[in-house]
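Peer 1: pasted the sequence and its predicted model underneath.
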Amino acid sequence: MTALKVKPLGNRILVKRAEAKASKGGILLPESSKEKPKQGEVVAIGPGKIDENGHLEKMQIKIGDKVIFGSYAGVEVKVPHHEQEQYLIMTEDEVLAVVIG
């Protein structure tokens, strides 16, 4: 697998969206009607944001964290050489929780 060549800026993170799970009932739905998972894995992070005093606030989220985010969080992006996977760039503030365990 080719390494990711995306470096988020500021307090942004790159999240690989979790894959959707098949329904237990076996009903086939068109892709457009499926609800996309609202969780994923952080695969890249920016350096953090600059506060009003000019100091760098480091990121609380780390690469490898499993995160939960809102339905409208982030922007979907295509990552070169990883077109089959879904990625989002979002700010750290858009993350609702980190999954522990």
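Peer 2: Noted; the coordinates are in hand. Numbering: from 1, shown residues only.

Peer 1: dump the residue contacts of the nearest residue to residue 92 once chain neighbours are set aside.
Peer 2: In space, and not counting its chain neighbours, residue 92 is closest to residue 11: 4.7 Å by CB to CB, 6 or more residues apart in numbering. In short, each C-beta sits where N, CA and C put it, glycine included. Residue 11 makes contacts with 46, 48-49, 57, 59, 91-93, as judged by CB atoms under 8 Å, 6 or more residues apart in numbering.

Peer 1: could those be laid out in JSON lines, adding distance to residue 5?
Peer 2: What follows is these, written out as JSON lines (distance: CB to CB, whole Å):
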{"residue": "46", "distance to residue 5": "15"}
{"residue": "48", "distance to residue 5": "21"}
{"residue": "49", "distance to residue 5": "23"}
{"residue": "57", "distance to residue 5": "26"}
{"residue": "59", "distance to residue 5": "20"}
{"residue": "91", "distance to residue 5": "21"}
{"residue": "92", "distance to residue 5": "21"}
{"residue": "93", "distance to residue 5": "25"}
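
Peer 1: now list the buried members of those residues.
Peer 2: Among those, the ones that count as buried by 16 or more other CB atoms under 10 Å are 46, 48-49, 59, 92.

Peer 1: so which of those are in strands?
Peer 2: Those of the buried ones among the contacts of residue 11 mapping onto strands are residue 49, per DSSP state E.

Peer 1: in helices, which of the contacts of residue 11 appear?
Peer 2: Members of the contacts of residue 11 lying in helices (criterion: DSSP state H): none.

Peer 1: of those, closest to residue 81?
Peer 2: residue 46 (21.1 Å; CB to CB).
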